[in-house]
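Colleague: predicted model and sequence below, questions to follow.
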Amino acid sequence: MSTVATETAKTPKTSKDWDMAAIAPFIALALLLVLGYFANPNFISVANLMNVITRSAFIAIIALGATYVISSGGLDLSVGSMVAFVASLMILFMNSGAIADPMFMLITAMLLAIALGAACGLFNGLITTVGGIEPFIATLGTMGIYRGLTTWLSQGGAITLRDRELQALYRPVYFGDVFGVPVPIVIIFVTAALAAFVLYRTRYGRHVIAVGSNEEVARYSGISVKKVRTIAYVVQGLCVAVAVLLYVPRLGSTSATTGILWELQAITAVVVGGTALRGGVGRIWGTVCGAFILEIVGNIMLLSNFVSEYLIGAIQGAIIIIAMLVQRSLMRK
Amino acid sequence: MNAASSSSSAPLLEATGLSKTFGIVEVLKDINLTVQAGEVHAIIGENGAGKSTLMKILAGNQPPTRGEIRMDGEAVTFSGPVDAEHRGIVLVHQEILLAPDLTVAQNIYLGRELRRGLSVDDRAMNEGARQAIRDLGGDIDPNAIVSRLSIAQRQLVQIARVLLVPHRIVIFDEPTASLTPHETEALLKVIKDIRAKGVGVLYISHRLPEVKEIADRVTVLRDGRLVASHEASELEPADMARLMVGRDVAKLYPDRQATEAREVVLEVRHLSVPGYAQDASFELRKGEILGFAGLVGAGRTELMEGLVGLRSSRGSVRLNGQPVNFRDVHASLKAGIAYLSEDRKGKGLLLAKDLRVNLTLASLGRFAGALQIDRKRESDALDQAIRDFDIRTGRKDILAGQLSGGNQQKLLLAKMMMLDPSIVIIDEPTRGIDIGNKEQIYKFIARLAEEGRSIIVVSSEMPELIGICDRILVMRSGRIVGEVTGEHMNENEIVQFATGVKSGEAA
């Protein structure tokens, strides 16, 4: 109990004041661009930036799904393994020659990947919600399962798309462009726009935030907490599938090490973007920004000479800690 | 004056000209206050009057903007709550601040564990905790995990923890807000014991009869100013209420015409919520306000939660003659039954979200088109709710957690009324709410009944049940043990049922 006047004055946590936390990642991105320019003027060229953003596509798109899972109060550690698993099955299907017509084959394979992604997400969701297992443990388990199945499918080697015709047909999905903009960049922004619309404008999005903010309040308000969380994992699975659709034409091959540590990069992108790890706040565009930041830091390290690029993992680790410290100090204010 | 204080005649604590401003808002202005050793000094005022800020300053949580605090005649400044504690000023918070996964004894001794050699001395701490709780008139197993305790029991543990520090002044911030009459009585006795030892007590409460009973001196705050300070013997509760509100509170409870019996809308038969309530049968009529009385832990809340599908239950429920069985709140809301939890902050509102999001959370379907939510309509609904339920807020974009308790309750009521339910179950409608807001909430409840809705009020405050209900059912140990109506609606009758002195259906 305290006075309204007191509290508005002393803890100005109104929606307006939260904005600082929301724009912080974009300020960081701008600072990085400036830093990059001083490190190497070539960095700021359109070609280089397009290249960097294109390469961030996998993590950015996976992280969009992770934004849903995390803001609903969950966590998904299995996404990296899921990429490997879904991509492997997709390639194996295309290698099977089950459908003669290449175009029809490609479309079927893509739909299959999407269905597989959704199914893997649903599996994660059901284990945590219906099974009542902590998300950390549940997805740690499926992370092992998806990775193990991939290793088994590939028999420890690589699974490679063999059909030349299919390769040629599929290639533009990653390497093509739309009015000069590489397809992966278009996909990032289209997926993000869709994700933002659903999270900010629809009933389901509101329910995600409510469940992550306070599960009990959501339950007492007649929201099915289990359903909302399960769907968040399915959304994550769909995002993984979209990343796979871009991944396969790029490399045309998977192995037991495909997508390793991507879950950590995705979570880092989400947190750097300003989404609260405890749930209840989701920032879609922040997540995209976070994924860019991770890739740009790596790129600056490559282009400049002061830091060895072998330290990239250490720098990314430091970024997540710095991001949390900045978020915390902004929230205290 | 008393033996415990030193030879000096200066008061134990003396505050002069205390003021506090946050930005341009002046929340306290020129407060003078003294606490003598062996005295209970009650501070009363509506929410927003500045009581909590004053207490925070005196307990070292916040520095005053202007003014001076003296102890034993000597000027002091507190660097923080720990500093104030070293000088013997301890604060019993209104909110429960305990580690839910630790035991009672572990919580009481948290941060000051007793040791034997290198290990903690659990036996000594359990014994000490048992004794400390017993001193407060309670009986709680020191090995019990705090999350399993009722709110009242946690409150006792919290008080026991605070009183373990050597203290000269104890500040109680609404300690009885969630206690039953019996527990309140026990607590008041504890406070009298503390006073008898020469300790000064600052006591904040909304319950004026209790202030009248316990206080030696009463200071009234209104809008951050001190409006009166009197010997308690000179003030009756009605005077206190008038001074707090600044006008006559002629009647707290609204007038209601006795209506003739109307049709039964809800018929509950042999409903059991395993572990909490057994074999409950009752009927609710259209336009009726039905009260549920009983001690904390009697199973009232759990029975209601079982009824609306928040807990698993067995038995039969008929709504307008049709058998229903709600598996979750979604189903019961759809059928037109709304339940407002007693735990506003934990289960009712999203404190970190704004008013608009909170208002429409349970009824989003009404604001969503084919795809997206219409924010304009949401905002309009918020404007309407602010008018209809008189939610006092300077800005509309503040967070629900920034509203005062009374306004939070109004927002929660508005939220559930968005669904236009025909049956409204309100659990502890006025817990932690000041008189002005209480009066309004009672009016809203009466209005809902006049509109033809049926209301169930669960409350531990008997005067409130007697004041607004047509009929009261009393629960004890999970069972409905009696019904009081008409001229039998008095505290004595209810207490007899609630405590088991009397049992069986009353006339």
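Modeller: Yes, it's here.
Colleague: stretch A:192-211 - what's its average pLDDT?
Modeller: Confidence for stretch A:192-211, expressed as mean pLDDT, is 96.
Colleague: same question, stretch B:136-143
Modeller: Here stretch B:136-143 scores 85 as its mean pLDDT.
Colleague: now do residue B:7, the pLDDT please.
Modeller: Predicted confidence (pLDDT) for residue B:7: 43.
Colleague: ditto for residue B:353
Modeller: The model reports residue B:353 with a pLDDT of 93.
Colleague: show me where the stretch 51-200 of chain A has helices.
Modeller: Ranges of helices in the stretch 51-200 of chain A, per DSSP state H, counting those that start in this stretch, are A:57-71, A:79-96, A:102-129, A:135-154, A:164-170, A:172-175, A:183-201.
Colleague: looking at these, which is buried most?
Modeller: Ranked by mean neighbour count under mean count of other C-beta atoms under 10 Å in any protein chain shown, these are led by helix A:57-71, which reaches a mean of 30. Heads up, the C-betas are built off the backbone N, CA and C, glycines and all.
Colleague: near chain B, anything from that one?
Modeller: No. No part of helix A:57-71 sits close enough to chain B to count as contact by C-beta under 8 Å from any C-beta of the partner chain; the gap is at least 12.5 Å.
Colleague: tilt between that helix and helix A:135-154?
Modeller: 150 degrees (axes from the mean of the first three to the mean of the last three C-alpha atoms, to 10 degrees).
Colleague: now helix A:57-71: average pLDDT?
Modeller: When pLDDT is averaged over helix A:57-71, the result is 97.
Colleague: helices or strands up against it?
Modeller: Packed against helix A:57-71 by the contact rule (3 or more C-beta pairs under 8 Å, 6 or more residues apart in numbering or on different chains; DSSP states H and E) you find helix A:79-96, helix A:183-201, helix A:203-213, helix A:225-251, helix A:262-272, helix A:284-303.
Colleague: got the CA positions of stretch B:235-243 in PDB?
Modeller: Output of stretch B:235-243 as PDB, limited to C-alpha atoms (Å, rounded to 0.1, in the frame of the first residue of the first chain):
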ATOM      1  CA  LEU B 235     -11.800   9.500  19.700                       C
ATOM      2  CA  GLU B 236     -14.500   7.100  18.600                       C
ATOM      3  CA  PRO B 237     -14.100   5.000  15.400                       C
ATOM      4  CA  ALA B 238     -16.700   7.200  13.700                       C
ATOM      5  CA  ASP B 239     -14.600  10.300  14.600                       C
ATOM      6  CA  MET B 240     -11.500   8.700  13.200                       C
ATOM      7  CA  ALA B 241     -13.300   7.800   9.900                       C
ATOM      8  CA  ARG B 242     -14.600  11.400   9.600                       C
ATOM      9  CA  LEU B 243     -11.100  12.800  10.100                       C
END
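Colleague: how about that stretch: buried residues?
Modeller: Judged by neighbour count using 16 or more other C-beta atoms under 10 Å in any protein chain shown, the buried positions of stretch B:235-243 are B:235, B:239, B:240, B:241, B:242, B:243.
Colleague: residues touching the third one, list them.
Modeller: Shown here is residue B:240, whose contacts under the criterion C-beta atoms under 8 Å, 6 or more residues apart in numbering or on different chains are B:44, B:208, B:211, B:212, B:218, B:220.
Colleague: sort out for me which of the residues you listed are in strands.
Modeller: In strands, defined here by DSSP state E, the members of the contacts of residue B:240 are B:44, B:218, B:220.
Colleague: partners of the first one in the sheet?
Modeller: With DSSP bridges applied, the residues forming beta bridges to residue B:44 are residue B:220.
Colleague: looks like it contacts residue B:218 (just checking).
Modeller: Yes. Taking C-beta atoms under 8 Å as the contact criterion, residue B:44 and residue B:218 are neighbours in contact, 6.4 Å apart.
Colleague: what do these two both touch?
Modeller: With contacts defined as C-beta under 8 Å, 6+ apart, the residues adjacent to both residue B:44 and residue B:218 are B:211, B:240.
Colleague: pick out whichever of these two has more residues nearby.
Modeller: Set side by side, residue B:44 and residue B:218 give different neighbour counts by other C-beta atoms under 10 Å in any protein chain shown, the larger being at residue B:44 (28 against 25).
Colleague: tell me how far that one lies from chain A.
Modeller: 13 Å (C-beta to the nearest C-beta, to the nearest Å).
Colleague: same question, residue B:175
Modeller: Applying C-beta to the nearest C-beta, one obtains 12 Å for the distance of residue B:175 from chain A.
Colleague: just residue B:126 next, same as before
Modeller: When distance is defined by C-beta to the nearest C-beta, residue B:126 is 31 Å away from chain A.
Colleague: give me the neighbour count for that residue.
Modeller: For residue B:126, the count of nearby residues is 20 (other C-beta under 10 Å).
Colleague: residue B:173 reaches residue B:94, doesn't it?
Modeller: Yes. Residue B:173 sits in contact with residue B:94 when judged by C-beta under 8 Å, with a separation of 4.3 Å.
Colleague: can you pull the pLDDT of the closest residue to chain A within the stretch 101-250 of chain B?
Modeller: Across the stretch 101-250 of chain B, no residue is closer to chain A than residue B:174, which sits at 6.7 Å (C-beta to the nearest C-beta). Per-residue pLDDT puts residue B:174 at 83.
Colleague: isn't it right up against residue B:210?
Modeller: No. Between residue B:174 and residue B:210 there is no contact, the gap being 10.5 Å when judged by C-beta under 8 Å.
Colleague: next one: the residue in the stretch 1-150 of chain B that chain A sits nearest to from residue B:56, what distance?
Modeller: With C-beta to the nearest C-beta, the shortest gap between the stretch 1-150 of chain B and chain A falls at residue B:22, namely 3.0 Å. Between residue B:22 and residue B:56 the computed distance is 12 Å (C-beta to C-beta, to the nearest Å).
Colleague: low-confidence regions, the chain specifically.
Modeller: All of this refers to chain A. When residues are selected by pLDDT under 70, those of chain A lie in A:1-19, A:331-333.
Colleague: nope, chain B please
Modeller: Flagging of chain B using pLDDT under 70 yields the residue ranges B:1-9, B:23-24, B:47-48, B:178, B:247-250, B:258-260, B:503-507.
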